[in-house]
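Q: Structure of the sequence below:
(2 chains)
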Amino acid sequence: MKKIRLKGRTEFPGIIEAEALVSSMPLQGFTNVNRDKGYTTERNHPLFKICYEGKVLVFPSQRGSGGFLRYGQGKKPAAFIHTVASPLNVLCALQAHVPAMTDFEDDPMKYIETGDIVLVNADQGYIEITKKD
Amino acid sequence: MTNVKLTEEEKRMLEGEQGKVRQICMEYLVEMCEISGAERLVDLDGTGDMHTPGIVMSPYYGISIEDLRELVAAKEHFKIPTFADKSPFPEQPPIHGWESCNICSYRQAGIRQDDPSFHAKAMHKEEFDLLRKLGMITTHSCANYLTMTYWPTVGQHCSWFESSQIPYCNAVLGARTNFDGSFATCFLGKAPYYGMHITENRYATVLVKTDRLIHTDLEWDVFGYAVGCDVKCDVPVLTGTAKPTTTQYQKLNSAIHTGGAVEMYHIPGSTPEAPTLDFALGGRKPRRETLIGETELRRAYEYLNYHTSDTVDMVYLGCPHLNIVDLMKLTAKMDGKKVQIPMWVMTAPWLYHSAEELGYVRSLANAGITLMSGACLAAMGAVPEGVRCIAVDTAKQANYVTGCYPDDDVKLQVCYGTTDECIDAALTGRWRGEWR
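A: Now for the predicted structure:
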């Protein structure tokens, strides 16, 4: 089984392994996320109403309101993996207290597809991707 | 033990030597540093702005109303001038005009914003009486900068919240804030030192060009959204535009932090940290250039419009909250007219009082318009029952309001265009807007 390891910066510690859910578009919070259902409600979004609860949520960046922190409340992902960091992720991690990583040696969006298994080792600062095929 | 470099006094706070509340606030700030990668805290010399009541900052860090009472009894104060943005959470009731706000509250069917007992509870009077004694100035607006009357000056370190206000503080005022305004930052007067507090991070890295002169309110709004989508979290320098008015800055700031998460931008010759293009870029070449021209603007405009029918059920203006000049202009335009569908207009609570004195509230009411303050439809999470298509004049509201209704059986549509097109829709019930 092909495994890919990427080093990154830990935002919030912890170790978890789960299936990836990858968003090709930046994610947006506030009214465009439903924390009770655990999915984005942004119209025309590739993850529209696809539940991220228990998944390693992988996305390029975040946008919009401070209500982005709602991704860290209610039905939340198992971990957050994102290419670019901003204070919105800080607000989210403060709510979620699940493993979160960013600033990787190479863009994780290039390697992870939905359905891959991702080991997030935020205690030691790396992720390990097991491709689904 | 944390790796964050703390002063001796900060260590004492963290160890609880200065009381429980300072300890909780310091723990919260240290965790913010660890997540963001900030090596230390910065002492704030500007102002604070936060969602309120805000005493529960996360599931792990919060204080109680009893703690607030004890702070008041001990004559404690917020360390920096601190403003409340938007109406109280989580209900987000309008401060004025709630009596006409016939919508359910916070996605709770059956509990309505126009119910007096609900409104009284949603105003969280006891918390705010205490917060005001601690020094909080309860402006309650997403566009707090309209009524603060005391702005941070260039270079001052601040801690603000609210997406549209972050770029306003950084880019328009030239003060320095990350998106982190909270009870902890305002009470201690400290914030994690990273991001926009550091000069190096404030220079533009993306050069934005346009082939259409950006000069109308709608153009600035669409342009802001499209730039945000393109540059995401980077700092752009915007070239080829006219100089924005105050209204246009309001629209630009809310749109650019909706399409993206732009905390800082430059407009050479207009924003204070961009006397020249070269200065905005910090004397370096941009990392990349991008064109937000006719094609990109039209694409953003079409994305923000989301309707199959031209029948409009409601018009909503005031995202961000309308300034006093826009209220004056709207009142003049509506003189002698009568809307055919509900038209709600939102402003800042302190401007509502001014609008009353100026006679605008009565004039707008005569035209059938409801003026409200402090809240917004998206924040309340609902539109009046039966409304299936709403007309708005800002990208931010157009982008968010449909998120409240993602299900097919109650799908909400949105018409997006100029203020005049929205007024036309209010008078006719039809949408005749188009990209010109």
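
Q: And for the residue lying closest to residue B:181 once chain neighbours are set aside, the neighbour number?
A: Leaving aside its sequence neighbours, residue B:181 sits nearest to residue B:161 (CB to CB, 6 or more residues apart in numbering or on different chains; 3.6 Å). In short, each C-beta sits where N, CA and C put it, glycine included. Per other CB atoms under 10 Å in any protein chain shown, the neighbour tally for residue B:161 reads 29.

Q: how far away is residue B:161 from residue B:170?
A: From residue B:161 across to residue B:170, the span is 13 Å (CB to CB, to the nearest Å).

Q: shared neighbours of these two, anything?
A: Common neighbours of residue B:161 and residue B:170 (criterion: CB atoms under 8 Å, 6 or more residues apart in numbering or on different chains): none identified.

Q: Which stretches in the chain count as strands?
A: Using chain A. A:3-7, A:9-12, A:15-22, A:27-28, A:33-34, A:39-40, A:56-59, A:62-63, A:79-82, A:100-102, A:117-121, A:126-130 (DSSP state E).

Q: please go with chain B instead
A: B:41-43, B:48-51, B:82-85, B:104-105, B:108-112, B:190-192, B:206-209, B:236-238, B:288-291, B:314-322, B:343-347, B:369-373, B:389-392, B:413-416.

Q: Let me have those in a markdown table, extended by mean pLDDT and distance to chain A.
A: Listed next are those as a markdown table, based on pLDDT from 0 to 100; distance: least, CB to the nearest CB, whole Å:
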| stretch | mean pLDDT | distance to chain A |
| --- | --- | --- |
| strand B:41-43 | 98 | 14 |
| strand B:48-51 | 98 | 7 |
| strand B:82-85 | 97 | 10 |
| strand B:104-105 | 78 | 14 |
| strand B:108-112 | 82 | 12 |
| strand B:190-192 | 98 | 8 |
| strand B:206-209 | 98 | 13 |
| strand B:236-238 | 98 | 14 |
| strand B:288-291 | 98 | 14 |
| strand B:314-322 | 97 | 12 |
| strand B:343-347 | 98 | 16 |
| strand B:369-373 | 98 | 18 |
| strand B:389-392 | 98 | 13 |
| strand B:413-416 | 98 | 9 |
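
Q: Now render the ones you listed as JSON lines, adding mean neighbour count.
A: Output for these, formatted as JSON lines (neighbours: other CB atoms under 10 Å in any protein chain shown):
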{"stretch": "strand B:41-43", "mean neighbour count": "19"}
{"stretch": "strand B:48-51", "mean neighbour count": "28"}
{"stretch": "strand B:82-85", "mean neighbour count": "26"}
{"stretch": "strand B:104-105", "mean neighbour count": "20"}
{"stretch": "strand B:108-112", "mean neighbour count": "12"}
{"stretch": "strand B:190-192", "mean neighbour count": "28"}
{"stretch": "strand B:206-209", "mean neighbour count": "20"}
{"stretch": "strand B:236-238", "mean neighbour count": "27"}
{"stretch": "strand B:288-291", "mean neighbour count": "14"}
{"stretch": "strand B:314-322", "mean neighbour count": "27"}
{"stretch": "strand B:343-347", "mean neighbour count": "27"}
{"stretch": "strand B:369-373", "mean neighbour count": "25"}
{"stretch": "strand B:389-392", "mean neighbour count": "27"}
{"stretch": "strand B:413-416", "mean neighbour count": "25"}
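
Q: I'd like the ones you listed as a markdown table, with distance to residue A:31 appended.
A: Shown next, in a markdown table, are the strands of chain B (distance: least, CB to CB, whole Å):
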| stretch | distance to residue A:31 |
| --- | --- |
| strand B:41-43 | 32 |
| strand B:48-51 | 15 |
| strand B:82-85 | 17 |
| strand B:104-105 | 14 |
| strand B:108-112 | 15 |
| strand B:190-192 | 27 |
| strand B:206-209 | 28 |
| strand B:236-238 | 26 |
| strand B:288-291 | 28 |
| strand B:314-322 | 12 |
| strand B:343-347 | 16 |
| strand B:369-373 | 18 |
| strand B:389-392 | 13 |
| strand B:413-416 | 12 |
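
Q: Which one of those lies nearest to residue B:280?
A: The closest of the strands of chain B to residue B:280 is strand B:236-238. By CB to CB, the value is 4.4 Å.

Q: and the closest one, what does it pack onto?
A: Identification of packing neighbours for strand B:236-238 by 3 or more CB pairs under 8 Å, 6 or more residues apart in numbering or on different chains; DSSP states H and E yields strand B:206-209, helix B:217-231.

Q: How about residues contacting the shortest one?
A: For strand B:206-209, the surrounding residues in contact (CB under 8 Å, 6+ apart) are B:227, B:230-231, B:234-240, B:281, B:286-293.

Q: do stretch A:125-133 as well
A: Stretch A:125-133 is contacted from outside by A:1-10, A:20, A:81, A:101, A:104, A:108, A:111-113, A:115-121, using CB under 8 Å, 6+ apart.

Q: Weed out the non-buried ones from these.
A: Neighbour-count burial (16 or more other CB atoms under 10 Å in any protein chain shown) applied to the contacts of stretch A:125-133 gives A:4, A:6, A:8, A:10, A:20, A:81, A:101, A:104, A:108, A:111-112, A:116-121.

Q: Quick check: closest non-adjacent residue to residue A:85.
A: residue A:102 is the one closest to residue A:85 (CB to CB, 6+ apart), at 4.2 Å.

Q: That neighbour against residue A:88, yeah?
A: No. Look at residue A:102 against residue A:88 with CB atoms under 8 Å: they stay out of range, at 11.4 Å.
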